[in-house]
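In: Show me how the following folds:
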Amino acid sequence: MKQLIRKADVILFIVLIAVGLAASAVLSVHSGSSTDAKVVIKSGGRVYARYPLSEDAELEIPAPGSAGSSASSETDECTHYLNYNVVSIKDGRVSVSKASCKNQVCVRHGSISMPGETIVCLPNRLVVSIEGDEGGGYDSITS
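Out: Numbering: from 1, shown residues only. Coordinates of the predicted model:
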């Protein structure tokens, strides 16, 4: 009776598994945020600012047509505009930490870190996105 699995087959199987695990580890290390990734902030359809994702910053972005100071309480840290968003860039991640809109969807969205990801605040007409060389690939493929 012939043996179906030989010693060489087992060695080949182990080598292929090891190569697959090593490739997976290398890709996961290099798939982090790109060093040249930029945070693009658009307000009212126009580019308001571009910042490197690698540098920490906290920005108060006024909504279009939001001129003048608001008569808000003293506990509110953002008193420069009637309608605003506070965009925080920290540790290679971007989030909207505060907003004057009622629904707070942009604040609850959480942070983004990969090129192609976006945070949107419809009431204040704000779009925060990350642009870079990496990304743009498929999240999943369906038939």
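In: Please work out which residues outside stretch 18-27 touch it.
Out: Applying CB atoms under 8 Å, 6 or more residues apart in numbering, stretch 18-27 has no contact partners. (Glycine included, C-beta is placed from N, CA and C.)
In: Work out the gap between that stretch and the centre of the chain.
Out: 25 Å (CA atoms, centre = their mean, to the nearest Å).
In: ok, the most centrally placed residue in the chain to C106 distance?
Out: Centroid-nearest residue in the chain: I112, 2.1 Å away (criterion: CA atoms, centre = their mean). To C106, I112 is 11 Å away according to CB to CB, to the nearest Å.
In: what sits in contact with each of the two?
Out: Residues touching both I112 and C106 (CB under 8 Å, 6+ apart) are I119.
In: pull the longest helix from the protein.
Out: Counting by DSSP state H, the longest helix found in the chain is helix 7-30.
In: Provide the strand pairings for the helix or strand following that one, with the direction of each partner.
Out: Later in the chain than helix 7-30, the nearest helix or strand by DSSP states H and E is strand 38-43. Using DSSP bridges, the strands paired with strand 38-43 in its sheet are strand 46-52 (antiparallel), strand 126-131 (antiparallel).
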